[in-house]
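K.L.:
my questions concern the predicted model and sequence given below.
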Amino acid sequence: MGMHVGNTSSSGEPEVMMEINTTPLIDVMLVLLVMLIITIPIQLHSVNLEMPVGAPPTTLIKPEKIQIDIDEQSVVYWQGLPVSAQELDEKMKAVAPQQPQPEVHIRPNKASQYAVFANVLSSSKRLGLNKIAVIGAEQFVQ
C-alpha cells in the first residue's frame, strides 16, 4: 500500500489536476430542477367534453307491438288469434321488413311445452325479427 506524500516532480510546481469539480454543476442542476417543478402547471385529472345542448330528437313513429301468446295446451296465438306454425312463419315474414321493425312480445304460459316456445323464438330470429321480449318471465322463478 502506498501513500502520496508530496510532489514527485523535481521542478517544485504543483501537478495539474485532471479531475473536474462536479459540485457546482450538481448545484446548478438542482436549482434548474426546482424551477422546472415550480413552473409546471398542476395537471388536472379530468377530460373536458363538449356535450350537445338541448333535448335529443324524439321519434314520432312508434314501433308496432305484436303479441304472441302460448297457452297451457301449447297453442300459439298471434294478436289473440290461434295460428299454426306455418301461419306464424308467414305472419313473421310479412312483418319483418317493416320499418321501424315491430316489437315482438312473447308471453308463454308456465304449463306450456318449452319446445313450442323455443320454436317461436328461433323462427322469429331466423326470419329477421330482432326486437324480441319475453313477457311474464317472473312466473318461472321458484
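P.N.:
Happy to help now that I have it.

K.L.:
give me the buried positions along the helix ranked longest in the chain.
P.N.:
Counting residues, the longest helix found in the chain (DSSP state H) is helix 23-39. By 16 or more other Cβ atoms under 10 Å, helix 23-39 has no buried positions at all. C-beta coordinates here come from the backbone N, C-alpha and C atoms, glycine included.

K.L.:
what does stretch 55-75 give?
P.N.:
By neighbour count on 16+ other Cβ under 10 Å, the buried set for stretch 55-75 is I66, I68, D69, I70, S74.

K.L.:
roughly how far apart are the first one and S112?
P.N.:
Looking back up the chat, that one is I66. Here I66 is placed at a distance of 18 Å from S112 (Cβ to Cβ, to the nearest Å).

K.L.:
quick one: contacts for L88?
P.N.:
Residues in contact with L88 (Cβ atoms under 8 Å, 6 or more residues apart in numbering) are I68, V76, W78, V120, S123.

K.L.:
chain neighbours aside, what residue packs nearest to the third one?
P.N.:
Spelled out, it's W78. Nearest residue to W78 in three dimensions, chain neighbours excluded: K91, at 5.6 Å (Cβ to Cβ, 6 or more residues apart in numbering).

K.L.:
can you show me the CA trace of the host helix or strand of the one you found as PDB?
P.N.:
Under the criterion of DSSP states H and E, K91 resides in helix 85-95. Only the C-alpha atoms of helix 85-95 are listed here, as PDB (Å, rounded to 0.1, in the frame of the first residue of the first chain):
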ATOM      1  CA  ALA A  85     -96.600 -23.000 -37.000                       C
ATOM      2  CA  GLN A  86     -96.800 -22.300 -40.800                       C
ATOM      3  CA  GLU A  87     -99.200 -19.400 -40.400                       C
ATOM      4  CA  LEU A  88     -96.900 -18.000 -37.700                       C
ATOM      5  CA  ASP A  89     -93.900 -18.100 -40.100                       C
ATOM      6  CA  GLU A  90     -95.900 -16.400 -42.800                       C
ATOM      7  CA  LYS A  91     -97.100 -13.600 -40.500                       C
ATOM      8  CA  MET A  92     -93.500 -13.100 -39.200                       C
ATOM      9  CA  LYS A  93     -92.200 -13.000 -42.800                       C
ATOM     10  CA  ALA A  94     -94.800 -10.300 -43.600                       C
ATOM     11  CA  VAL A  95     -93.900  -8.000 -40.700                       C
END
